[in-house]
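*Asks:* The following block contains a protein sequence and its predicted model.
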Amino acid sequence: MRAKLATKGPPIPAGELLHAAWFVRLIARYLSPYEASRVCSVCSVWRDVLYDLPFWRELRLCLPIRQLKEDVPLLSRCCDSLAQRCIDSVKLVNFSDDCLSTFLIQIASVEKRVAELSLHNCTITDKGLETLIDSFSNLTSLCLVGCNDLSEVGLWSSLSPKLTNLTVTDCINVSDESVAAITQLLPNLTCLELQGYHVTDNAMTLFSSKQAAAIAKLTLNSCWELTNQGVLNLASSMPHLQELSLSGCSKITDDAVDCITEHMKQLRSLDLSWCQKLTDVSLECIACDLGLLERLQLDRCTTISDIGVGYLSTMPRLRVLCLRWCSSLSDTSLRHILNIRTLSFLSIAGVSRMTGDGLCNLIRLQQLHNLEVTNCPAATCQVRGFLSMNMPQCRVIH
């Protein structure tokens with residue numbers, strides 16, 4: 001058998017072709033990371049060529065530690081694979097102190113390679129976290145999700161000044177003291193994501209001037225105790241912030257958004273989902289003052305109306321607009337949205353007052369790449385088919 005390729009010269013035998021490094025790299029262009037990981041087992045040539053490709057460095061190695069603890073050889077192979085593929089991001093699931101020694105022994109040879117570490121649903125203690133973090137000397141990103149055995153003491157003892165990205169969510173012991181540890185120990189922080197049910201306005205005054213200038217992305221989801229005063233403290237100290245999320249901060253009102261739009265003129269992304277006290281006044285402030293804004297999320301803001309969406313239609317750079325379950329919106333909002341010529345993603349999932357005719361008018365948005373109509377009663381099979389036929393460049397999500 002001989003393979004015919006669009007090349008000059010004689011045909012290349014298939015056996016020779018399948019062992020050619022350039023041919024394997026060509027195939028890899030069309031493979032997802034999952035598919036690439038599977039075809040690594042075809043033969044040693046394919047494995048060596050694929051392991052050398054750079055896209056592995058953008059992936060995260062996920063290790064369910066409790067299962068791997070019972071299979072140390074498999075854990076060892078996973079750590080070897082991390083080194084061979086130059087992966088620098090590791091996610092540990094169900095990790096606990098009794099797994100610590102086994103894990104550190106196996107990962108010792110590659111621990112300096114790891115730059116990003118995520119702990120999900122782990123029962124690790126303060127001392128265990130300190131030992132773990134100390135082992136990764138080049139760590140720049142730390143993510144803690146559902147680690148409820150950690151206390152504020154653990155953050156004080158574990159956080160390294162090298163960290164530039166920190167995420168702490170679903171950890172029940174997060175409070176103002178946690179923010180104090182973050183602000184004092186992490187001078188180089190650029191991205192902070194915090195879900196703190198007990199974080200108050202006082203915590204928003206703790207950021208140093210250096211941190212306030214360096215942080216580009218700040219996520220404060222479900223900080224239920226945060227009020228307008230806390231947002232004022234934050235907005236006045238971080239005028240250069242580019243991405244802000246206050247999703248689920250249910251106490252803030254239009255006054256808070258007024259502070260944001262007055263002080264944070266550089267915002268590119270703003271998430272105000274689940275802030276149900278916000279009205280059209282907030283949308284008017286956003287449209288008038290945030291001319292650089294590209295992404296706006298207003299999911300579950302049930303008191304905004306068609307009038308507010310009309311204000312947004314004047315925004316010159318808006319690319320992403322999320323209006324999921326905004327129950328007061330109607331076809332009038334869709335007519336306003338038709339004027340946003342920069343829009344590439346629109347979500348109206350769960351909006352029940354829009355009609356099929358209103359949705360069909362969206363075919364005028366030929367620059368739209370994604371349209372989400374999940375749980376939208378008017379988005380019938382016929383309507384979705386009409387949209388797909390007349391917007392071939394757009395993916396209709398339902």
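*Replies:* Arrived safely, thanks for sending.
*Asks:* what does stretch 379-387 contact?
*Replies:* Contacts of stretch 379-387 with the rest of the structure, by C-beta atoms under 8 Å, 6 or more residues apart in numbering, involve G356, L359, C360, L362, I363, L371, V373, C394, V396, H398. Every residue, glycine included, has its C-beta placed from N, CA and C.
*Asks:* now stretch 151-169
*Replies:* Contacts of stretch 151-169 (C-beta under 8 Å, 6+ apart): 116, 118, 125-127, 129-130, 132-133, 138-146, 173-175, 177-178, 181-182, 185-196, 221.
*Asks:* Centre of the chain to it, how far?
*Replies:* From the chain centre to the centre of stretch 151-169 is a distance of 19 Å (C-alpha atoms, centre = their mean, to the nearest Å).
*Asks:* what is the mean pLDDT for that stretch?
*Replies:* Mean pLDDT, stretch 151-169: 94.
*Asks:* And for stretch 318-327?
*Replies:* Computed over stretch 318-327, the mean pLDDT rounds to 98.
*Asks:* hang on, the earlier thing: report the buried members of the contacts of stretch 379-387.
*Replies:* Buried members of these, scored by 16 or more other C-beta atoms under 10 Å, are G356, L359, C360, L362, I363, L371, V373, C394, V396.
*Asks:* Just flag the most distant two among the residues you listed.
*Replies:* The span of these, defined through C-beta to C-beta, is set by G356 and C394 at 16.8 Å.
*Asks:* Check whether L150 really touches I172, as I assumed.
*Replies:* No - using C-beta atoms under 8 Å, L150 makes no contact with I172, being 9.2 Å away.
*Asks:* Between the two, which is the more surrounded one?
*Replies:* L150 (24 against 14; other C-beta atoms under 10 Å).
*Asks:* if I look at that one, how far off is L293?
*Replies:* L150 sits 35 Å away from L293, going by C-beta to C-beta, to the nearest Å.
*Asks:* cool, A349 as well?
*Replies:* In terms of C-beta to C-beta, A349 sits 21 Å off from L293.
*Asks:* swap in L329?
*Replies:* Using C-beta to C-beta, one gets 19 Å for the distance from L329 to L293.
*Asks:* low-scoring pLDDT stretches of the stretch 251-398 of the chain, where are they?
*Replies:* Scanning the stretch 251-398 of the chain for pLDDT under 70 picks out no residues.
*Asks:* Would you convert the buried ones among the contacts of stretch 379-387 into JSON lines that also reports secondary structure?
*Replies:* Formatted as JSON lines, the buried ones among the contacts of stretch 379-387 follow (DSSP: H, G, I helix; E, B strand; the rest coil):
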{"residue": "G356", "secondary structure": "helix"}
{"residue": "L359", "secondary structure": "helix"}
{"residue": "C360", "secondary structure": "helix"}
{"residue": "L362", "secondary structure": "helix"}
{"residue": "I363", "secondary structure": "helix"}
{"residue": "L371", "secondary structure": "strand"}
{"residue": "V373", "secondary structure": "coil"}
{"residue": "C394", "secondary structure": "coil"}
{"residue": "V396", "secondary structure": "strand"}
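*Asks:* Turn the residues you listed into CSV, including distance to T261.
*Replies:* Below are those laid out as CSV (distance: C-beta to C-beta, whole Å):
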residue, distance to T261
G356, 35
L359, 31
C360, 34
L362, 28
I363, 33
L371, 28
V373, 30
C394, 31
V396, 33
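*Asks:* so which of those comes closest to H240?
*Replies:* Nearest to H240 out of the buried ones among the contacts of stretch 379-387 is L371 (C-beta to C-beta; 33.1 Å).
*Asks:* which residues touch the closest one?
*Replies:* L371 touches F345, L346, S347, L362, L387, M391, C394, R395, V396, I397, counting by C-beta under 8 Å, 6+ apart.
*Asks:* Which of the residues you listed fall in helices?
*Replies:* The helices, defined by DSSP state H, take in L387 from the contacts of L371.
*Asks:* Where neighbours are concerned, which of the contacts of L371 has the most?
*Replies:* L362 (25 neighbours).
*Asks:* Relative to T355, how far out is it?
*Replies:* L362 sits at a distance of 12 Å from T355 (criterion: C-beta to C-beta).
*Asks:* anything in contact with each of these two?
*Replies:* Contact criterion C-beta under 8 Å, 6+ apart; residues shared by L362 and T355: none found.
*Asks:* Report all helices and strands that the longest helix along the chain contacts.
*Replies:* Secondary structure of the chain per DSSP H: the longest helix is helix 72-84. Counting by 3 or more C-beta pairs under 8 Å, 6 or more residues apart in numbering; DSSP states H and E, the packing neighbours recorded for helix 72-84 are strand 61-64, helix 65-69, helix 100-107.
*Asks:* one more time with 10 Å
*Replies:* Helix 72-84 makes packing contacts with helix 44-51, strand 61-64, helix 65-69, strand 89-93, helix 100-107 when contacts are defined by 3 or more C-beta pairs under 10 Å, 6 or more residues apart in numbering; DSSP states H and E.
*Asks:* buried sites along that helix?
*Replies:* Those would be L75, C78, C79, S81, L82, Q84, for helix 72-84 by 16+ other C-beta under 10 Å.
*Asks:* Of the contacts of L371, just say which sits nearest to L298.
*Replies:* Proximity of those to L298 (C-beta to C-beta) peaks at S347, which lies at 9.8 Å.
*Asks:* For C122, grab the count of nearby residues.
*Replies:* Residues lying near C122 (other C-beta under 10 Å) number 26.
*Asks:* D71 versus that one, what's the distance?
*Replies:* Counting by C-beta to C-beta, the gap from C122 to D71 is 19 Å.
*Asks:* where do the helices sit along the stretch 101-250 of the chain?
*Replies:* Counting by DSSP state H, counting those that start in this stretch, one finds helices in the stretch 101-250 of the chain at the ranges 126-135, 152-158, 176-185, 209-214, 228-237.
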